[in-house]
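> let me see the structure of the following:
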Amino acid sequence: MRALPSATTVCRVLIGLDRADATGTLHVRGEGRTATISLESSQVVGANVDRRVATSHRQVFENVLQMCEWEGLALRLAQSPAVATWWKLRDPIRARTLALQIMRAAVKGIDAASVRAELGDAVYHLTEAGEAFFLGAELRPEETAVLFWLRRGVPAEEVSTLPGCGLAGYRFVWMLKLLRAAAPKAGGSYPLLLRKRREVRRRASAHALLDLPEGAGGREARLALRKLVRDLHPDRFGDGALPALRRASGEIVTALVNAEARIASGHTE
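Numbering: from 1, shown residues only. Okay, the predicted model is just below:
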């Protein structure tokens with residue numbers, strides 16, 4: 001996973017430059033090394049790492065993937081003229097296509113437990129940016145299947161079991177989240193949020209916070225916690241939610257998690 005943070009940064013920038021139909025040279029620095037990616041109207045026409053020039057799509061991919069191993073990247077776009085003809089790619093590659101290839105490589109092989117920890121059990125959907133990103137893109141079968149479900153809204157925990165998706169599709173959802181092409185579906189329950197806030201303020205018991213009868217055990221508490229968090233997690237209220245609402249949601253979710261822990265340990269007083 002070492003390459004993932006830098007790969008995400010580079011690919012977000014490439015997607016943004018693609019959407020802007022940008023022309024120029026993206027200068028990348030990290031760990032004392034330098035690289036450049038040259039673009040003309042959103043097409044990558046050249047790339048090099050430490051002055052090693054790419055002459056094919058494969059070499060462009062390898063060069064960019066190599067720079068994604070660097071930590072602490074600094075990126076700067078220069079509105080420079082077209083690159084020298086002698087190292088310009090004969091067949092340019094679209095910036096967003098390169099970004100898709102790089103992110104696929106960055107998440108490949110990551111285990112399901114790590115993906116689950118990042119995605120949780122929220123319901124995800126394809127964002128407007130995601131729709132634009134994949135318009136006309138060449139997708140793998142499992143990616144096409146995932147997009148079908150994302151357009152409807154799908155719980156992350158169900159993706160790997162859906163027809164045509166599997167673990168590769170599960171990783172793909174995480175990749176899309178990193179690229180802001182998929183996001184938890186807004187739909188948090190405001191009435192439930194207000195009720196739980198009142199209960200937290202009046203210091204309701206752990207069982208009351210989780211809507212459980214007194215005497216319920218750890219298993220029931222875990223199930224109740226999952227059900228409540230699905231409706232109350234800050235991500236469920238969408239990116240446009242007021243900061244105060246998201247803070248209140250975070251505080252309530254923390255209280256619910258603590259309540260579940262108290263019940264599981266037997267310390268409910």
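> for the stretch 151-269 of the chain, which segments count as strands?
Counting by DSSP state E, counting those that start in this stretch, the stretch 151-269 of the chain has strands at residues 154-155, 182-184.
> with mean pLDDT, mean neighbour count and distance to residue 97 as added columns, please give those in CSV.
Yep, even glycine has a C-beta here, placed from its N, CA and C like the rest. Shown next, in CSV, are the strands of the stretch 151-269 of the chain (pLDDT from 0 to 100; neighbours: other CB atoms under 10 Å; distance: least, CB to CB, whole Å):
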stretch, mean pLDDT, mean neighbour count, distance to residue 97
strand 154-155, 85, 18, 25
strand 182-184, 88, 23, 18
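> in JSON lines: those, plus distance to residue 226.
Formatted as JSON lines, the strands of the stretch 151-269 of the chain follow (distance: least, CB to CB, whole Å):
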{"stretch": "strand 154-155", "distance to residue 226": "11"}
{"stretch": "strand 182-184", "distance to residue 226": "15"}
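> which one, of these, ends up nearest to residue 30?
Nearest of those to residue 30, taken as CB to CB: strand 182-184 at 27.3 Å.
> so which elements touch the closest one?
Counting contacts by 3 or more CB pairs under 8 Å, 6 or more residues apart in numbering; DSSP states H and E, strand 182-184 is packed against strand 123-126, helix 166-178.
> if we look at that strand, which residues are touching it?
By CB atoms under 8 Å, 6 or more residues apart in numbering, the residues outside strand 182-184 that reach it are 122-127, 130, 150, 173, 176-177, 233, 235-236, 238-239.
> go again using 7 Å as the cut-off
With contact meaning CB atoms under 7 Å, 6 or more residues apart in numbering, strand 182-184 is reached by 122-127, 130, 150, 173, 176-177, 235-236, 239.
> ditto for stretch 160-173
Residues from elsewhere that reach stretch 160-173 (CB under 7 Å, 6+ apart): 107, 110, 112, 115, 119, 124, 141-143, 145-146, 149, 156, 159, 182.
> sitting in helices, which of the residues you listed do you find?
Under the assignment DSSP state H, the contacts of stretch 160-173 contribute 107, 112, 115, 119, 141, 142, 143, 145, 146, 149 to helices.
> show me what contacts the fifth one?
Taking CB under 7 Å, 6+ apart as the criterion, residue 141 is in contact with residue 164.
> roughly how far does it sit from residue 29?
38 Å (CB to CB, to the nearest Å).
> that older thread, which one, of the helices and strands packed on strand 182-184, ends up nearest to residue 37?
Judged by CB to CB, the one of the helices and strands packed on strand 182-184 that comes nearest to residue 37 is helix 166-178, at 19.3 Å.
> quick one: mean pLDDT over the closest one.
Averaged over helix 166-178, pLDDT sits at 95.
> and the strands in the stretch 1-150 of the chain?
Listed in chain order, the strands of the stretch 1-150 of the chain (DSSP E, counting those that start in this stretch) span 24-30, 33-40, 43-49, 52-53, 74-78, 93-94, 123-126.
> one step back: among the helices and strands packed on strand 182-184, which comes closest to residue 100?
helix 166-178 (8.8 Å).
> now do the buried residues in that closest one.
Of the residues in helix 166-178, 166, 168, 169, 170, 171, 172, 173, 174, 175, 176, 177, 178 count as buried by neighbour count, 16 or more other CB atoms under 10 Å.
> what's the closest of these to residue 33?
Nearest member of these to residue 33, counting by CB to CB, is residue 178, at 23.5 Å.
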